[in-house]
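Asks: generate a structure from the sequence data that follows.
(one chain, ligands or ions: 2)
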Amino acid sequence: MNFLAIETSCDETSVAIFTDDLRIRANVVASQIDLHARFGGVVPEVAARAHLQRLLPTMDEALKQANLKLADIGAIVVMNSPGLVGALLVGVSAAKMLALTLDVPLLDANHIEAHIFAARMAAGRDIFPCVGLVVSGGHTSLFHCKTPLDFELLGGTIDDAAGEAFDKVAATLGLGFPGGPAVEREAALGDPKAYALPRSFFKDDRLEFSFSGLKTAVLYALHGPSTTRGPLPGPGPVRANLAASFQQAVIDVLVAKCGQALRRTNLKRLAVGGGVSANRALRGALETLGQRDGIDLFIPSPALCTDNAAMAAVAVEKWHRRTFASLDLDAVPTYHGND
Ligand code: KG4
Ligand code: ZN
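Replies: Residues are numbered from 1 along each chain as shown. Ligands and ions are numbered 1, 2, ... in the order given. This is a model prediction of the structure:
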């Protein structure tokens, strides 16, 4: 049984084909980085138009890679929430049309739950119940993931998401877009202890995050508190040390809060997903936490951490339960948990 899944929530157009036993047959991602780089961030309308242009060629490529035809597809999956509404609309309307034309079930998948399910796909075995950390451009949230489809929100960011902070600090340091990989490369050249940057709620019991003060602290460290403007730093120790110190501050907070969530829930499994979890220093720090506290850590390969359609295989669970979406399925921009 083959599922065809569509992801158009932000700036990656992706189509995947997977089976009911969670085998990925194709996972094609058409990145829009080239289109958004000159704006220094994702421009929603540009993203939506690019999805419109790229979705069907991406689907064609996925079918070719899987060596299948549309007639071989038994269900259509679409990630309809959360995301940029104009971007989501492209994927949702294509998915509905396909389901109607092929006369196969339509299934909706939640992008956040899918990011955690990517860890299940990569593990090749059950990972639930677990603590789930989603760290992406739009979210930094900790969940008690009871089943693939039953998440209790333990806490999230009260301002910027971790990925957003990476992107903004990259802009401050003149490192370009997308910021995460650029900051990671620069941080490898610097000293993570060079600057004492804030770690919000670090010693606090609250399972919440705040990265906006950290972002401002990087700006002040560079230009002083009296101004928010100044020339971009060139290559050298200041830029590298700031990147390394910033990255370390984010990692320290993420790791500490994962530890707290694991203790609070009394769980011994941690699943991590979202673009920021592609960061090698974060992965290393989480591995250290896992070894220290006897935690089974599940982080997918970087290609499954960032946005992709294969993670929509979380919908296979719905297919087993026959909870199908109807043809009036909507695009829902904000995340609504199920608790
Ligand atoms: O999950 P994702 O691909 O899209 C969203 O759902 O937001 O995450 C994108 C975010 C961006 O903010 C990007 O800068 C960040 O993930 N990111 C990274 C790395 N790779 C991507 N952050 C830190 N280190 C990385 N290597
Ligand atoms: Zn995402």
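Asks: for the helix or strand where Ala261 lies, enumerate the helices and strands it packs against.
Replies: Using DSSP states H and E, Ala261 falls within helix 237-265. The contact analysis (3 or more CB pairs under 8 Å, 6 or more residues apart in numbering; DSSP states H and E) places helix 237-265 against strand 130-135, strand 140-147, strand 150-156, helix 162-172, helix 179-187, helix 212-223, strand 269-273, helix 280-293. C-betas here are computed from N, CA, C, even on glycine.
Asks: for it, which positions count as buried?
Replies: Across helix 237-265, burial judged by 16 or more other CB atoms under 10 Å covers 238-251, 253-262, 265.
Asks: out of the residues you listed, which are close to ligand 2?
Replies: When CB under 5 Å from the ion is applied, no member of these is adjacent to ligand 2.
Asks: contact residues of the stretch 1-150 of the chain facing ligand 1?
Replies: Residues of the stretch 1-150 of the chain lying close to ligand 1 by CB under 6 Å from any ligand atom are 10, 136-138.
Asks: in helices, which of these fall?
Replies: Using DSSP state H, no member of those sits in helices.
Asks: derive a PyMOL selection command for the buried subset of those.
Replies: Typed into PyMOL, the next command selects the buried ones out of these (criterion: 16+ other CB under 10 Å):
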select buried, resi 10+136+137+138
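Asks: pull the most distant pair out of the residues of the stretch 1-150 of the chain next to ligand 1.
Replies: Taking CB to CB as the measure, these span a maximum distance of 8.7 Å, between Cys10 and Ser136.
Asks: okay, how far is it across stretch 140-154, tip to tip?
Replies: 11 Å (CA to CA, to the nearest Å).
Asks: give me the residues contacting that stretch.
Replies: Residues outside stretch 140-154 that contact it (CB atoms under 8 Å, 6 or more residues apart in numbering): 112-113, 116-117, 120, 128-134, 155-157, 161-163, 207, 209, 211, 254, 257-258, 261, 264-265, 267, 271, 276, 314, 317-318, 337-339.
Asks: any of these buried? List them.
Replies: The neighbour count (16+ other CB under 10 Å) marks 112-113, 116-117, 120, 128, 130-134, 155-157, 161-163, 207, 209, 211, 254, 257-258, 261, 265, 267, 271, 276, 314, 317-318 as buried among the contacts of stretch 140-154.
Asks: and stretch 167-174, which residues are buried?
Replies: Within stretch 167-174, the residues that count as buried by 16+ other CB under 10 Å are 167-173.
Asks: which strands or helices does the host helix or strand of Pro57 pack on?
Replies: Assigned by DSSP H and E, Pro57 belongs to helix 44-66. Here helix 44-66 touches strand 2-7, strand 12-19, strand 24-31, helix 33-36, helix 85-102, going by 3+ CB pairs under 8 Å, 6+ apart.
Asks: buried sites along that helix?
Replies: 46-52, 54-55, 58-59, 62-63, 66.
Asks: repeat that for stretch 24-44.
Replies: 24-32, 36, 41-43.
Asks: and that stretch, how far apart are its ends?
Replies: Using CA to CA, one end of stretch 24-44 lies 29 Å from the other.
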